[in-house]
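1. Take a look and give me a structure for this.
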Amino acid sequence: VSWSYTYTRPGYIKKQHQSVPKDWWTEDVSDLDIDLFRCIITAVRSTYIPPPQLIGEALHVYACRWLPDTTKSRPLHSSGSQTEESREKCRRILEAIVSMIPSDRGSVSIGFLLKLLSIANYLGASPVTKTELIRKAGLQFEEATLNDMLFPSQLPTDQHFYDIDLVAAVLESYLVLWRRQSPLPTDNGHMVRSIRKIGKLIDSYLQVVARDVNMPISKLVSLAEALPDVAREDHDGLYKAINIYLKEHPDVSKADKKRMCRMLDCQKLSPEVRAHAVKNERLPLRTVVQVLFFDQESGSRSTTHKPESITRARQAPIEAEAKEECDKKVQHEVTKSSSRVTETSEREIQKRMEAKMVRGDSEKGKERKGETNSTAKMMEPKQVFQRRSSR
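-> Next comes the predicted model:
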């Protein structure tokens, strides 16, 4: 069977593909009226054969075919460019496309959802349609790139170019879902990675919109402060956005400068950014002083920890040797003192024995004398007289 179909998608070369692409029919049905197109999509979805991504591709092709492109520049809001009748027709097509988007996540890209939201702002679609697009975009906001968010403002009253309110609305929807998934998102590694990816994306977006000379500082600060603290692992990107805004808006008041720089956490700035901030004349003096303080504090910490570790490593063997030498001296003194005690005790024992011997001899002499005296006392006077007379 030879299929006849229209397929003008960029990057597709028909000669290099022998098989028919799965979405071969999407461009053909895009020429139909919105009511017929809705009937075909409903019939195709009822078979449950095509995947949700294929239905989403058909919706994308149809939207590119019938809806205005709001990505290039701000559309003209004059009666000559587009009549109210054509705007009403586009609104009806937009609302029909939004109602046919499959509920499966990833059936359409985040870029397509943001594009539909920008078109909805331009056409003045119903709040229900805008709310549904914001909710769906919030579910897939983690997949967005910087180019997906660069839409011009569609309100004629806005003097600034970029539609920062669109990004703020989608970010708020994402944060509601992010906080709802876990009461303590800091304990969930996946949640932390997700919010930090969004943080880098928002800081990159702020750096772009900060170049808009008509961008109000209130909108920039509001979007920057919408992120929780855990979303920024460092504040380098936020500092760049603030620096760009101050450079492009030299007439900013001191109060507004302080308001912007109050968002910065000087402890989360890298050494390179701190070195740049110290020399930045556009920053308030208070911010420069804070950067200098934390820069010197971090430098003093790094210098004090390293010498302490080096000296401790060097002093460790010296202290061990000194301790060993001290132990030897103590042991020697103990041995010496014990020997002295032993010698002293031996001398005292010898002296005590000699004293006992002397005492014994003296006691014996006394006993002998006592015996003589006692014998003399025991003799009668006559005997004593006779002994003397005989002599």
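2. Would you map the helices across this structure?
-> Under the criterion DSSP state H, the chain contains helices at 26-29, 34-46, 52-66, 84-100, 110-123, 127-139, 164-181, 189-209, 217-225, 236-248, 254-261, 271-278, 285-378, 381-390.
3. and for the fourth one, what are the contacting residues?
-> Outside helix 84-100, the residues within contact range by CB atoms under 8 Å, 6 or more residues apart in numbering are 34, 37-38, 41-42, 55, 59, 62-63, 66-68, 116, 119-120, 123-126, 129, 132-133. The way it works is simple: take the backbone N, C-alpha and C, and place the C-beta from them, glycine included.
4. Please, a PyMOL command that selects the buried ones among those?
-> The buried residues among these can be selected in PyMOL (16 or more other CB atoms under 10 Å) with this line:
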select buried, resi 34+37+38+41+55+59+62+63+66+67+68+116+119+120+123+125+129+132+133
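5. Where in the chain is the helix or strand with the lowest mean pLDDT?
-> Lowest mean confidence among the helices and strands of the chain (mean pLDDT, DSSP states H and E): helix 381-390, at a mean of 43.
6. which regions of the stretch 201-350 of the chain lie under the pLDDT threshold?
-> 299-350 (pLDDT under 70).
7. again, only this time at 80
-> When residues are selected by pLDDT under 80, those of the stretch 201-350 of the chain lie in 297-350.
8. okay, now residue 265: neighbour count?
-> Per other CB atoms under 10 Å, the neighbour tally for residue 265 reads 14.
9. Would you mind splitting this structure into its domains for me?
-> 21-71+84-142, 181-299 (the TED database).
10. Would you convert those domains into TSV that also reports distance to residue 175?
-> Formatted as TSV, the domains of the chain follow (distance: least, CB to CB, whole Å):
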stretch	distance to residue 175
domain 21-71+84-142	8
domain 181-299	7
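11. Residue 159: which of those domains is closest?
-> Residue 159 lies closest to domain 181-299 among these, at 4.3 Å (CB to CB).
12. ok, residue 231 to residue 58 distance?
-> Residue 231 sits 36 Å away from residue 58, going by CB to CB, to the nearest Å.
13. I misspoke; the intended subject was residue 296.
-> Note on residue 296: its distance to residue 58, by CB to CB, is 62 Å.
14. Would you mind telling me which of those two has the busier surroundings?
-> Higher neighbour count among residue 296 and residue 58: residue 58, with 22 against 10, using other CB under 10 Å.
15. I'd guessed the more buried one sits against residue 29; true?
-> Yes - with contacts counted by CB atoms under 8 Å, residue 58 reaches residue 29, the gap being 6.7 Å.
16. picking up where we left off before, residue 169: which of the domains of the chain is closest?
-> domain 21-71+84-142 (5.2 Å).
17. so how far does that closest one reach from one end to the other?
-> One end of domain 21-71+84-142 sits 29 Å from the other (CA to CA, to the nearest Å).
18. Kindly report the same for stretch 226-238.
-> Start-to-end span of stretch 226-238 (CA to CA) is 13 Å.
19. just stretch 276-288 next, same as before
-> End-to-end for stretch 276-288, by CA to CA: 10 Å.
20. Sort out which residues of that stretch are buried, please.
-> 276, 277, 280, 282, 283, 284, 287, 288.
21. now these in a markdown table, with distance to residue 237?
-> Shown next, in a markdown table, are the buried residues of stretch 276-288 (distance: CB to CB, whole Å):
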| residue | distance to residue 237 |
| --- | --- |
| 276 | 13 |
| 277 | 14 |
| 280 | 16 |
| 282 | 17 |
| 283 | 16 |
| 284 | 20 |
| 287 | 17 |
| 288 | 20 |
